[in-house]
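> got a sequence here, can you build the structure:
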Amino acid sequence: MTFSPAEAEACQRLVEMAWEEDLGPQQDPFTGHAADVTSQKLIPPDRQGQAVFVARAAGVVAGLPALELALSTVNTPLLKFQPLVEDGARVQLGDRLATVTGLAQFILLAERIALNFLQHLSGVATLTRRFVDAVAGLPCQILDTRKTIPGWRRLEKYAVRCGGGHNHRMGLYDAVLIKDSHLALLGVGKEAFQAVAAMHEGILPVPLEIEVEALEQLDWALGWRPEIILLDNMAPELLREAVRRRNEKAPKVLLEASGGITLETVRAVTETGVDRISVGALTHSAPALDIALDYLDCKLESYHA
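Now for the predicted structure:
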């Protein structure tokens, strides 16, 4: 897998912000580049270096295109980046993911920025793969949510796909999701029915999803035949009954379970017969995958910035 144009653009903005954070306002008087005051004092400017990104734990790789962007900016001229695996690949402890060669000062300059992208996105992909593996053999999709770090949404959703998951709506603009908060503000009465009817009649050319918390609400939602009904925080026995009613009344409507679903419970939820499971933890709680940058041609082996 690789970035779409929109994902590459989002990553470029993040890379630029990362450089601003790391290098600050100082400019090297000889090169015009922002300063890494440590490396410039310790490492000769003509010293060549070679380093390899190495997995320190098993997982799924995501973010190699971000490395290429981080290692090919005006701040890191002439660095050569070579991926050794593809995004979406499963890796084991000790596997080499990519190499970078060039002036050692510039490799040191980019190390932490590159690792931040790769570790975080690989962590999202790895956690997603664990959920996907937990429901293997059952016809159910694992989806992300909008619970993402501001600015990182496109890249985190890309990482979810690298892990075998699927993307929910990108934002508020590309799907209608009528939540309990909308209905609470409208009141479960005439206004709510009129609002849902308007959505159903195609005023907005996007998919319609309705969230319900009880079987009585499910019966009401099934009457509108939305593309998807979100079953929020329902116990497995209620999910099974919801599937039975859906199959009886509106078999084309997809059912999506959500709310507090963990790796320990996701298979039991899937076995109820729902079509989709959305998990906010894929993005908001994924631990970074342990990845290091090891220097091969000097005495900085296993150095961690």
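> below-threshold pLDDT in this protein: ranges please.
Applying pLDDT under 70 to the predicted model, the residue ranges of the chain that meet it are 25-35, 187-204, 297-305.
> can you tell me the centre-most residue of this protein?
Taking CA atoms, centre = their mean, the centroid of the chain lies closest to residue 156, which sits 2.2 Å from it.
> for the stretch 1-150 of the chain, which segments count as strands?
In the stretch 1-150 of the chain, the segments counted as strands under DSSP state E, counting those that start in this stretch are 48-55, 59-60, 80-83, 90-91, 96-103, 141-143.
> can you give me the buried ones in the third one?
Right, the one you point to is strand 80-83. Of all the residues in strand 80-83, those buried under the rule 16 or more other CB atoms under 10 Å are 81, 83. Quick note: C-beta positions are derived from backbone N, CA and C, even for glycine.
> what packs against that strand?
helix 64-70, strand 96-103 (3 or more CB pairs under 8 Å, 6 or more residues apart in numbering; DSSP states H and E).
> partner strands of that strand, with direction?
strand 96-103 (antiparallel) (DSSP bridges).
> with distance to residue 231 and mean neighbour count added, can I get the helices and strands packed on strand 80-83 in CSV?
Compiled in CSV, those are given as follows (distance: least, CB to CB, whole Å; neighbours: other CB atoms under 10 Å):
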stretch, distance to residue 231, mean neighbour count
helix 64-70, 35, 24
strand 96-103, 39, 19
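> shouldn't residue 231 be within a strand?
Yes - Residue 231 forms part of a strand when assessed by DSSP: H, G, I helix; E, B strand; the rest coil.
> run through the bridge partners of it.
The residues listed as beta-bridge partners of residue 231 by DSSP bridges are residue 212, residue 257.
> correct me if wrong: it contacts residue 212.
Yes - at 6.4 Å, residue 231 and residue 212 qualify as touching, with contact defined as CB atoms under 8 Å.
> overlap of the contact sets of those two?
With contacts taken as CB atoms under 8 Å, 6 or more residues apart in numbering, the residues that reach both residue 231 and residue 212 are residue 218.
> those two: who's more crowded?
Legend: neighbour count by other CB atoms under 10 Å for residue 231 and residue 212, higher for residue 231 (28 against 23).
> which residues touch residue 146?
Contact analysis of residue 146 by CB under 8 Å, 6+ apart lists 153, 168-169, 171.
> actually residue 219, sorry about that
Taking CB under 8 Å, 6+ apart as the criterion, residue 219 is in contact with 245, 249.
> recalculate using a threshold of 6 Å.
If a contact means CB atoms under 6 Å, 6 or more residues apart in numbering, then residue 219 has no contacts.
> just the one 10 residues further on next, same as before
Going by CB under 6 Å, 6+ apart, residue 229 touches 210, 221, 253, 255.
> change it to 7 Å
By CB atoms under 7 Å, 6 or more residues apart in numbering, residue 229 lies in contact with 210, 212, 218, 221, 253, 255.
> nearest to residue 82 among the residues you listed?
residue 255 (45.3 Å; CB to CB).
> do I have it right that the closest one meets residue 274?
Yes - at 4.6 Å, residue 255 counts as touching residue 274 under the criterion of CB atoms under 7 Å.
> need the residues touching each of the two.
Both residue 255 and residue 274 are in contact with 231, 243, where contact means CB under 7 Å, 6+ apart.
> how close does residue 161 sit to residue 152?
Residue 161 sits 14 Å away from residue 152 when distances are taken as CB to CB, to the nearest Å.
> okay, the contacts of residue 146 in JSON lines with distance to residue 181 next?
Output for those, formatted as JSON lines (distance: CB to CB, whole Å):
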{"residue": "153", "distance to residue 181": "21"}
{"residue": "168", "distance to residue 181": "17"}
{"residue": "169", "distance to residue 181": "16"}
{"residue": "171", "distance to residue 181": "17"}
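> narrow these to those that are buried.
Buried members of these, counted by 16+ other CB under 10 Å: 153, 168-169.
> just those residues: which are in helices?
Within the buried ones among the contacts of residue 146, residues falling in helices by DSSP state H are residue 153.
> circling back: can you flag which of the contacts of residue 229 belong to strands?
Cross-referencing the contacts of residue 229 against strands under DSSP state E gives 210, 212, 255.
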